[in-house]
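Enquirer: Please find the sequence and the predicted model below.
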Amino acid sequence: MIRLRKSAERGHFDHGWLDTRHTFSFSRYHDPRYMGFRALRVVNEDRVQPGQGFGIHGHEDMEIVTYVLSGALAHRDSLGTGSTLQPGELQRMTAGTGITHSEFNPSPTEPVHFYQIWLLPEREGLEPSYEQRAFPEEERQNRLRLAASSDGTDGSLTIRQDARLFLATLDGGREVSHEVPSVRHAWVQVLRGGVSLNGLTLSAGDGAAVSAESHLKIRADGPSEVLLFDLA
């Protein structure tokens, strides 16, 4: 079974400095039908204007993954981390017992476009930690590149949950496949372009919850980029 979550149906707020779209209930957006999927709790698509950002704020007991599509995102946190996330880089932050951080668009001219994803952790009270890693396009071109996993396999980031996150950048007409064991589920998020998922059409911003499907085939209509979550 594949259940589509169309881009236009997401929660949407335009604050001027921030244009944000929420796949699942978040902040002022609440829809009891969309409270998350398995361990996946938040999938937010954000665009932040030049010189703007999120001031210092706190999180607890959440695995937070950020991926920049264009522009750059400066990060500072209470662990002493200071870094700037560029396109093709993935950031993982374990909030655990508590962490504060800020996110800021350092460019005076260019907006930043990124996804921020929250997953429930394997347990509460984890020690806060931070990772950031680049995944060059050649590593994910026309293939599913493992970018985050519970054990850090193949140079992926380590997330504290039984989940795997894959990135793929696809040329038009190319396809990738993924096997889903009967006890697991998947979520597919289209970041750019458009694809067919087992024959169903998805456009940029669309997501799909997958259960009881043993085989996924993702075929790009044109140049496209997707995230695939393999979830317990």
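Expert: Yep, it's here.
Enquirer: my read: residue 25 touches residue 41, true?
Expert: No - taking contacts as Cβ atoms under 8 Å, residue 25 lies outside contact range of residue 41: 9.1 Å. All C-beta atoms are positioned from the backbone trio N, CA, C, and that covers glycine.
Enquirer: got any residues that touch both of those two?
Expert: residue 35 (Cβ atoms under 8 Å, 6 or more residues apart in numbering).
Enquirer: Residues in a beta bridge with the residue nearest the centre of the chain, which ones?
Expert: What sits nearest the mean C-alpha location of the chain, by Cα atoms, centre = their mean, is residue 117, with 4.4 Å. With DSSP bridges as the criterion, residue 117 is bridged to residue 43, residue 65.
Enquirer: Please tell me how far it sits from residue 65.
Expert: 4 Å (Cβ to Cβ, to the nearest Å).
Enquirer: Check residue 28 too.
Expert: Taken as Cβ to Cβ, the span from residue 28 to residue 65 is 22 Å.
Enquirer: Could you check which of the two is surrounded by more residues?
Expert: residue 65 (24 against 8; other Cβ atoms under 10 Å).
Enquirer: Check that one and give its pLDDT.
Expert: We have a pLDDT of 97 for residue 65.
Enquirer: Give the phi and psi angles for the residue located most distally from the centre of the chain, as a check.
Expert: The outermost residue of the chain relative to its centre, with distances by Cα atoms, centre = their mean, is residue 108 at 25.4 Å. Residue 108 adopts backbone torsions of phi -80, psi -10, taken as degrees, to the nearest 10.
Enquirer: do the same with residue 105
Expert: phi -90, psi 110.
Enquirer: which residues touch it?
Expert: 48-53, 71-74, 111-112.
Enquirer: Who is residue 225 paired with across the strands?
Expert: residue 169, residue 192.
Enquirer: Give me the neighbour count for it.
Expert: 20.
Enquirer: How about residue 7?
Expert: By the criterion of other Cβ under 10 Å, residue 7 has 17 neighbours.
Enquirer: Need the pLDDT of the closest residue in space to it that isn't next to it in sequence.
Expert: Nearest residue to residue 7, sequence neighbours excluded (Cβ to Cβ, 6 or more residues apart in numbering): residue 205, at 2.9 Å. Residue 205 is assigned a predicted lDDT (pLDDT) of 98.
Enquirer: List the residues that contact residue 205.
Expert: Residue 205 makes contact with 6-8, 10, 21, 45, 190 under the criterion Cβ under 8 Å, 6+ apart.
Enquirer: Among these, which are located in strands?
Expert: 21, 45, 190 (DSSP state E).
Enquirer: In a markdown table, list the residues you listed along with neighbour count.
Expert: Formatted as a markdown table, the ones in strands among the contacts of residue 205 follow (neighbours: other Cβ atoms under 10 Å):
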| residue | neighbour count |
| --- | --- |
| 21 | 21 |
| 45 | 21 |
| 190 | 22 |
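Enquirer: What about the closest residue in space to residue 220 that isn't next to it in sequence, how many residues nearby?
Expert: Excluding its sequence neighbours, the residue lying closest to residue 220 (Cβ to Cβ, 6+ apart) is residue 170, at 3.6 Å. Per other Cβ under 10 Å, the neighbour tally for residue 170 reads 25.
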